[in-house]
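In: just need the structure, nothing else, for what follows:
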Amino acid sequence: MNAEAGSLAGLFASSFLSATLLPGNSEIVLAAVVANLPHLFWTAVAVATLGNTVGGMTSYALGRLIPAEGGRKLAPRAVALAQRYGIPMLLLSWVPVIGDALCVASGWLRQDWRLATLAIAAGKLARYVVVAEGVRRVVG
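Out: Got it, this is the predicted structure:
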């Protein structure tokens, strides 16, 4: 595996883990890839978005496995937000701590997985574009 492929594989793994309850530091890994391999800007953004979206949908799938009464007890605030605002709330799935709970709550509420995927991906893409563009402007 060459250095570029290894960097992108590490970015995917970090992005996936960052979308679960485990720490992954995907923004730091994305920043390092963009700073050291600027020609991979959009590839890196796409890989980070894909990994983070798959991680978010993993949390969504886990939410579907929670019994009927378990969801309200597990993350009552996230469930309330997901019920009130629906799938658009998943645009904020990238926000630390609450984002993971929103994905789980969305799954527990049985919200449409296709729309959930789109909302999760859109929010995560926007965040990674901002991070990568910030790095590009600083590094030059």
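
In: next, the contact list for the closest residue to residue 82 other than its chain neighbours, please.
Out: Leaving out its chain neighbours, the residue that sits closest to residue 82 by Cβ to Cβ, 6 or more residues apart in numbering is residue 105, at 4.1 Å. In short, each C-beta sits where N, CA and C put it, glycine included. Going by Cβ atoms under 8 Å, 6 or more residues apart in numbering, residue 105 touches 63, 71, 75, 78, 79, 81, 82.

In: got the phi and psi for residue 114?
Out: Backbone dihedrals for residue 114, given as degrees, to the nearest 10, come out at phi -70, psi -50.

In: same question for residue 67.
Out: Dihedral angles for residue 67 - degrees, to the nearest 10 - are phi -60, psi 160.

In: for the chain, which spans come out with low pLDDT?
Out: 21, 71-72 (pLDDT under 70).

In: in it, which spans are helices?
Out: Secondary structure of the chain, counting by DSSP state H: helices at 3-18, 26-36, 41-64, 70-74, 76-85, 98-108, 113-139.

In: hmm, back to that, now the contacts of residue 105 as TSV including neighbour count and distance to residue 135?
Out: What follows is the contacts of residue 105, written out as TSV (neighbours: other Cβ atoms under 10 Å; distance: Cβ to Cβ, whole Å):
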residue	neighbour count	distance to residue 135
63	27	33
71	20	37
75	21	32
78	24	30
79	21	35
81	18	31
82	26	32
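
In: check contacts around the spatially most central residue of the chain.
Out: By Cα atoms, centre = their mean, the chain has its centre lying nearest to residue 52, at 3.5 Å. Shown in contact with residue 52 (Cβ under 8 Å, 6+ apart): 15, 16, 18, 19, 26, 94, 124, 128.

In: residue 6: which of the contacts of residue 105 is nearest?
Out: Residue 6 lies nearest to residue 63 out of the contacts of residue 105, by Cβ to Cβ, at 32.6 Å.

In: wait, the closest one sits on residue 103?
Out: Yes. Between residue 63 and residue 103 there is a contact at 6.8 Å, judged by Cβ atoms under 8 Å.
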